[in-house]
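Enquirer: Okay, predicted coordinates and the sequence, questions at the end:
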Number of protein chains: 2
Amino acid sequence: MSLPTSLLKSLATAVGRDNLLTRAADCWPYGGDNSRLHAPPQAVVFATCTEQIQAVVQHCRAHGVPLVPRGRGTGTTGATVPDQGGVVLTLERMDRILDMDPDNRLAVVQPGVTNQALQDAAGHHGFFWPPDPTSAAYCTIGGNLAYNSAGPRAVKYGTPRDNTLGLTAITGSGHLLRTGVHTTKGVVGYDLTRLLIGSEGTLGIITEAIVKLTPLPEAKRTLQAVYTSMTAAAQAVSRIMAQPVVPCALEFMDGRAIDMIRHYSQAALPEDAGGLLMIEVDGPEAGLDAAAQRVAAAAAGEGCLEVALARTQAEVKALWATRKALSPALRTIAPKKINEDVVVPVSKMPVLISGLEKLGSSHGITIVSFGHAGNGNIHVNLLVDPDDTEQMKAADACLKGVFDLVLGLRGSISGEHGIGLVKRPFVAQELGQPALALMHDLRRCFDPDGILNPGKGLPPLPDRAT
Amino acid sequence: MSLPTSLLKSLATAVGRDNLLTRAADCWPYGGDNSRLHAPPQAVVFATCTEQIQAVVQHCRAHGVPLVPRGRGTGTTGATVPDQGGVVLTLERMDRILDMDPDNRLAVVQPGVTNQALQDAAGHHGFFWPPDPTSAAYCTIGGNLAYNSAGPRAVKYGTPRDNTLGLTAITGSGHLLRTGVHTTKGVVGYDLTRLLIGSEGTLGIITEAIVKLTPLPEAKRTLQAVYTSMTAAAQAVSRIMAQPVVPCALEFMDGRAIDMIRHYSQAALPEDAGGLLMIEVDGPEAGLDAAAQRVAAAAAGEGCLEVALARTQAEVKALWATRKALSPALRTIAPKKINEDVVVPVSKMPVLISGLEKLGSSHGITIVSFGHAGNGNIHVNLLVDPDDTEQMKAADACLKGVFDLVLGLRGSISGEHGIGLVKRPFVAQELGQPALALMHDLRRCFDPDGILNPGKGLPPLPDRAT
């Protein structure tokens, strides 16, 4: 399949010949993300401003050609994989911070700014942007908004939806849309800002974002609590979240995860560690020790082997190195991991964790769990060999069991990774028919011809009345 | 105009004959809100559960009759006034807290629960729901959600959109919709929760809400700062919001407001007070004095006459009595007040305040301003006599000037009161044509026959292509 010459000419005119790739070898790298799925686009367009993006959308719409927006490709669900072919629009060169306005606690950024670049720029003024996915050094703000990706700090500071004031976007119909406000209150018209956030590029392409900045906390305390079992650790999460001090990070790791990263860790972990929590508390220096002690007291309890407070900056770094070694370690340990990021109400964490253990052993699948326990958001990793068809079948059944378990606990199948391609088959079970049908209707309002990232996010309606 | 007998029969069957009012005298009280606008409905329905509401919507839709949902009628924009006639659905009897779940920091409430009742119930468990409009004692959670109404605490804790996890609603098409999650993260499907919040009953009728609870702060400090002029006070607001301690309330009052409530106040206010700030800081007891001092230091500066810290609970009460006396005082001082709640970025507060002063004197209109300065959300009151046609004309021109000023400062014409009937003429200027057209499209997806609160919120499109 190749694109019409007239479309390619229009695209070249819109963005300049140097910003259009059409050779298969050049396009190849833009066909994949961190899900390991891959499908090459027929063309790749680099945009540098809103007006160019508007032109690109209008041309693709005129030709009925799929258009897939993309940041740095760190997503894990295949949401930026152009599996229906077409044009990939990469936003990596839209990497300017257009306005840094500490007096109003906001910044205006282009979508290609990396999370880290925003943190650095805001940090100069004593502020930060709360969302901090593990991939913060590489991932873009546009991607964070597309999936509503948060990271550990969300337990205290919220997700992108809580930390974005307004957007500029080009809808699938080619209209330029300004949503939201430059203020922290506003109730004129419907909330299109949060409708766009988390929509995975299926409603519009975000070309600018007004993000809300938060003052950097004066100080922080880092704790590590080790438990005999993962269930004991999960019970401690419930206890911690039931007392008034809200940690700014509350990360969980199961026994297998601990074993995997044991040799990365510079902290000595007890041999019989079956579960671990990393806890951070931040705020003004005065009163912080008392807050940390309160959290430590909640962390202690049945099955707790030790609660350690990092006393030096080096100790803090060592504790976080343990946590951050996990994702890369997982990538190498098994030929493939099926990576889910389910979320349940925190009081249900112990039931989830023991349920996962049972599911793993009954299906013969190794499961490694860790993640943002303070939000009840657990990254569940099924380690599998794709060449072992029996095992893959068991993994499918196990995964279905995981989602049934999560939805039965009034949870959600994705906390922050999104749906993309890989989770689409399970979406209808969570949303139900009326909500799903309504979302399809809303999508058509934004994108009447369905050119924006087609086939992502929402599954088709099973038996829509014709 | 009277309603079809078959509709009345169906409504009586749906909710029971005792829960249906049709006599004009009985319906009268349900025709107004706090805007002083009034139009009587032909029928009033009391619902007690989601299923009844679904039936009522379906019956009204089948007959093409307008349906206006309503809480306690404390709104100020005429959003619940049935100016096109039809049925008013009052939710005041849906006043049950269905689930109080402190372990997961959430509550599930019916829309008729008053804000105060929720605060009381949550308070027993050491939690609160941050939105706290001045009318908290009477207004309902459903109303708070309909207008995204926040109050003073929003400066630190956010608005209903930041403090609601999920909703149950009946759309205008009569479908039962469950949106959102029971968790603090979730990115499956589009964010319908926040789309419904602030939509003034034009998309769906909220029948249940999962609200997010926040731990009560351990302690609080209350400060009052008095300035020679309102501009000096506005400049202090900018200084306070540019330093890291976020107050949990930062309220502003201009000189006229001070004069009006002088005799209510138990605190001695300097004779030459031209502007006043009420400031609260909350958090753990340890470190709170240091935080209050930091805020006090930012409050001091040019034009500051005094910064006083309330030392006793009685002093705190006295300070707040001053603030709370304002709205009732305003109601009696002039035959009519045109009450706006504009919002601007906080750094623009001094420009807004001096601009309002100029507009008032050039149009010969007395303006009294006060409000939630930490969000840049100022309640602007134009005092007028509706019988004085010359003055009313001048007020119209003045109001136009206020909105031009606010939008020129990248502000919004409503922070938390909403649009209803009274602000509809100004909405298009803020939103722009593409956003407004899209919102009309979205509304049709929820409510294809336009029966839900018709004519509210969105103005018609001026020159929509046919």
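Expert: Great, that's in hand. Residues are numbered from 1 along each chain as shown, chains lettered A, B, ... in the order given.
Enquirer: now the helices: where do they sit in the stretch 101-250 of chain A?
Expert: For the stretch 101-250 of chain A, the helices defined by DSSP state H, counting those that start in this stretch cover A:115-123, A:141-147, A:154-157, A:192-196, A:230-241.
Enquirer: Chain B is nearest to which of those?
Expert: Of all the helices of the stretch 101-250 of chain A, it is helix A:192-196 that lies closest to chain B, at 4.2 Å by C-beta to the nearest C-beta. C-beta coordinates here come from the backbone N, C-alpha and C atoms, glycine included.
Enquirer: How far away from the center of its chain is the closest one?
Expert: 17 Å (C-alpha atoms, centre = their mean, to the nearest Å).
Enquirer: does any bit of it sit next to chain B?
Expert: Yes - figure legend: helix A:192-196 in contact with chain B (C-beta under 8 Å from any C-beta of the partner chain); contacting residues A:192, A:194-195.
Enquirer: Which SSE is immediately downstream of the one helix or strand residue A:11 maps to?
Expert: Mapping residue A:11 onto the secondary structure by DSSP states H and E places it in helix A:5-15. Note on helix A:5-15: by DSSP H and E, the next helix or strand toward the C-terminus is strand A:20-21.
Enquirer: Run through who's touching that following strand.
Expert: Contact partners of strand A:20-21, identified using C-beta atoms under 8 Å, 6 or more residues apart in numbering or on different chains, comprise A:8, A:11-12, A:27, A:30, A:43-46.
Enquirer: could those go into a markdown table alongside distance to chain B and pLDDT?
Expert: What follows is these, written out as a markdown table (distance: C-beta to the nearest C-beta, whole Å; pLDDT from 0 to 100):
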| residue | distance to chain B | pLDDT |
| --- | --- | --- |
| A:8 | 28 | 98 |
| A:11 | 23 | 98 |
| A:12 | 27 | 98 |
| A:27 | 28 | 97 |
| A:30 | 24 | 97 |
| A:43 | 27 | 98 |
| A:44 | 26 | 98 |
| A:45 | 23 | 98 |
| A:46 | 25 | 98 |
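Enquirer: State the pair within these that is farthest apart.
Expert: The distance between the two most remote of those (C-beta to C-beta) is 17.0 Å, for A:12 and A:30.
Enquirer: Compare neighbour counts for those two and give me the winner.
Expert: residue A:30 (25 against 16; other C-beta atoms under 10 Å in any protein chain shown).
Enquirer: SS state for that one?
Expert: The three-state assignment at residue A:30 reads helix, by DSSP: H, G, I helix; E, B strand; the rest coil.
Enquirer: Is it correct that it is in contact with residue A:44?
Expert: Yes - counting by C-beta atoms under 8 Å, residue A:30 touches residue A:44, with 4.7 Å between them.
Enquirer: Quick check: neighbours shared by those two?
Expert: Common neighbours of residue A:30 and residue A:44 (C-beta under 8 Å, 6+ apart) are A:21, A:88, A:90.
Enquirer: top of these by neighbour count?
Expert: Highest neighbour count within the shared contacts of residue A:30 and residue A:44, by other C-beta under 10 Å: residue A:88, with 26 neighbours.
Enquirer: How much space separates that residue from residue A:452?
Expert: From residue A:88 across to residue A:452, the span is 12 Å (C-beta to C-beta, to the nearest Å).
Enquirer: Now do the shared contacts for the two.
Expert: Residues within reach of residue A:88 and of residue A:452 at once, by C-beta under 8 Å, 6+ apart, are residue A:69.
Enquirer: what is residue A:343 paired to in the beta sheet?
Expert: residue A:377, residue A:412 (DSSP bridges).
Enquirer: for residue A:441, what are its contacts?
Expert: Contacts of residue A:441 by C-beta under 8 Å, 6+ apart are residue B:445.
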